[in-house]
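Novice: Here you go, sequence then predicted model.
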2 protein chains.
Amino acid sequence: MLLYVDAQYVSPYAMSVFVALKEKGIAFDMQTVDLEAGGQHAPGFAAQSSTQRVPTLVDGDLCLTESSAITEYLDEVYPGTPLYPYEPKLKARARQVQAWLRSDLLPIRQERSSLVVFYGPSEAPLSAAAQAAANKLFAAAQALLAEDAEHLCGTWSLADVDLAMMLHRLILNGDPVPPRLRAYAERQWQHPAVQAWVRRERPPL
Amino acid sequence: MLLYVDAQYVSPYAMSVFVALKEKGIAFDMQTVDLEAGGQHAPGFAAQSSTQRVPTLVDGDLCLTESSAITEYLDEVYPGTPLYPYEPKLKARARQVQAWLRSDLLPIRQERSSLVVFYGPSEAPLSAAAQAAANKLFAAAQALLAEDAEHLCGTWSLADVDLAMMLHRLILNGDPVPPRLRAYAERQWQHPAVQAWVRRERPPL
Ligand SMILES: [Ca+2]
Ligand SMILES: [Ca+2]
Ligand SMILES: [Ca+2]
Ligand SMILES: [Ca+2]
């Protein structure tokens, strides 16, 4: 199996698929695509990746993009650690969180890009729009995460990885995060497969 | 069951859930949320909808947001027309298309908002960025849709509804669309549940 990721190893969506493959115990190679140089639009890659994005997974004759589609596929087809809850309402919650984190909270994703997480903090304070997005993130996460719960959906799932990543955009930049969410995110960050991604060597920017 | 949608009935994501409920033969009520007036942040709605977005579905004690999470849940739990293919690789393709249309092609979504689809065309030509996004949309759709295929994933799925909606942002505005894609999208647009959404009475803007 072959996973295409960004050349800086900072894509949260590449990280999510990386964690999924590790948890499934699937052997895979990684190749990097230099997004800054437009590598995602290069003819060779674009012929494989119909949406010209990373992550892209190649599994035999299947070439798949969009991280949540990839990880749902892996969970359906491969044995190993479940990546999503089995119970439909809990699984729905995991999917809700994944879809939400990919389509909302844009000011956080812009002002606290994943470079902040893996290469070091930004100097700029959050804009009013980003602070409003952070407040919305905190309210939703606190509503979804039961008091004292270790996981969003009963058992560990990829939604925990993705939510921990979103919270770490703020935590690692020194922005205030409610203590309960901070403790949750820092526990999730210690997950061995997450740490395998976090600690990898990265090229200079 | 209760579905919250936007007050203008223009959200492509609300439309996708509406079609899903119709195809499943589920009886449901609709309530509108006035997004222009900030109704999604009103305390009553926000208490139910943790991410403060439409569509939000209430099914007994479950309150769920994010259209693709909602429709996956409906497909898992309710009988009726399948909303997604059964075969994992085809299902993966449907999920890829849904996730992609929700997270990419932003210039099209901005310059050809869904108001263009349901209230009438925009006067402004596409910017260079939006034309580039349109070209990417056409390339990917042509790669994913086999020659002469009626559907993206073997049989009808919600991915067809969502892709037809994205293409109609351009078609209904008079922007050029490759004939094969245009014919595909216009066929999909005739789907009875899609037409039930398209033809509903809308309040003045
Ligand atoms: Ca992705
Ligand atoms: Ca660089
Ligand atoms: Ca949605
Ligand atoms: Ca209005």
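Specialist: Okay, I see it. Ligands and ions are numbered 1, 2, ... in the order given.

Novice: what's the nearest residue to residue A:39 once chain neighbours are set aside in contact with, if anything?
Specialist: Nearest non-adjacent residue to residue A:39, counting by CB to CB, 6 or more residues apart in numbering or on different chains: residue A:33, 4.3 Å away. From N, CA and C alone the C-beta is placed, and that goes for glycine too. Shown in contact with residue A:33 (CB atoms under 8 Å, 6 or more residues apart in numbering or on different chains): A:4, A:5, A:6, A:7, A:39, A:40, A:45, A:54.

Novice: Then residue A:50?
Specialist: Residue A:50 touches A:63, A:65, B:139, B:140, B:143, B:144, counting by CB under 8 Å, 6+ apart.

Novice: And the pLDDT at it?
Specialist: Residue A:50 carries a pLDDT value of 90.

Novice: May I have stretch A:132-143 exported as PDB, CA atoms only?
Specialist: Written as PDB, here are the backbone C-alpha positions of stretch A:132-143 (Å, rounded to 0.1, in the frame of the first residue of the first chain):
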ATOM      1  CA  ALA A 132     -15.000  33.300  17.900                       C
ATOM      2  CA  ALA A 133     -14.200  30.100  16.100                       C
ATOM      3  CA  ALA A 134     -12.200  28.900  19.100                       C
ATOM      4  CA  ASN A 135     -15.100  29.600  21.400                       C
ATOM      5  CA  LYS A 136     -17.400  27.600  19.100                       C
ATOM      6  CA  LEU A 137     -14.900  24.800  19.000                       C
ATOM      7  CA  PHE A 138     -14.700  24.700  22.800                       C
ATOM      8  CA  ALA A 139     -18.500  24.800  23.300                       C
ATOM      9  CA  ALA A 140     -19.100  22.000  20.800                       C
ATOM     10  CA  ALA A 141     -16.200  19.900  22.100                       C
ATOM     11  CA  GLN A 142     -17.500  20.300  25.700                       C
ATOM     12  CA  ALA A 143     -21.000  19.400  24.600                       C
END
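
Novice: wait, does that stretch contact chain B?
Specialist: Yes. Stretch A:132-143 reaches chain B (CB under 8 Å from any CB of the partner chain) through A:136, A:139, A:140, A:143.

Novice: Okay, and which of the contacts of residue A:50 map to helices?
Specialist: Among those, the ones falling in helices (DSSP state H) are B:139, B:140, B:143, B:144.

Novice: separation between the nearest residue to the second one once chain neighbours are set aside and residue A:40?
Specialist: If I follow you right, that is residue B:140. Spatial nearest neighbour of residue B:140, chain neighbours left out: residue A:50 (4.6 Å); criterion: CB to CB, 6+ apart. According to CB to CB, to the nearest Å, residue A:50 and residue A:40 sit 12 Å apart.

Novice: Pick the one among the contacts of residue A:50 closest to ligand 3.
Specialist: residue A:65 (19.5 Å; CB to the ion).

Novice: quick one: contacts for the closest one?
Specialist: Per CB under 8 Å, 6+ apart, neighbours of residue A:65: A:49, A:50, A:51, A:53, A:54, A:55, A:56, A:57, B:96, B:100.

Novice: What of residue A:113?
Specialist: A:10, A:169.

Novice: and it, how far is that from ligand 1?
Specialist: As judged by CB to the ion, to the nearest Å, residue A:113 and ligand 1 stand 15 Å apart.

Novice: That residue and residue A:169, how far apart?
Specialist: 8 Å.

Novice: Equivalent analysis for residue A:51, please.
Specialist: Residue A:51 is 24 Å from residue A:169, by CB to CB.

Novice: quick one, domains of chain A?
Specialist: A:2-82, A:88-191 (automatic domain parsing).

Novice: and the longest one, does that touch ligand 3?
Specialist: No. Using CB under 5 Å from the ion, domain A:88-191 stays clear of ligand 3, with a minimum separation of 6.6 Å.

Novice: Determine if any part of stretch A:20-34 is in contact with ligand 1.
Specialist: No. Stretch A:20-34 lies apart from ligand 1 when judged by CB under 5 Å from the ion; the minimum separation is 12.3 Å.

Novice: Check which residues of that stretch are buried.
Specialist: By neighbour count on 16 or more other CB atoms under 10 Å in any protein chain shown, the buried set for stretch A:20-34 is A:20, A:21, A:22, A:23, A:24, A:32, A:33.

Novice: Equivalent analysis for stretch A:120-132, please.
Specialist: A:122, A:126, A:130, A:131.

Novice: Out of the residues you listed, which is nearest to residue A:106?
Specialist: For those, the closest approach to residue A:106 (CB to CB) belongs to residue A:130, at 9.1 Å.

Novice: what sits against the closest one?
Specialist: A:107, A:108, A:110, A:111, A:112.

Novice: That one and residue A:122, how far apart?
Specialist: Taking CB to CB as the criterion, residue A:130 is separated from residue A:122 by 11 Å.
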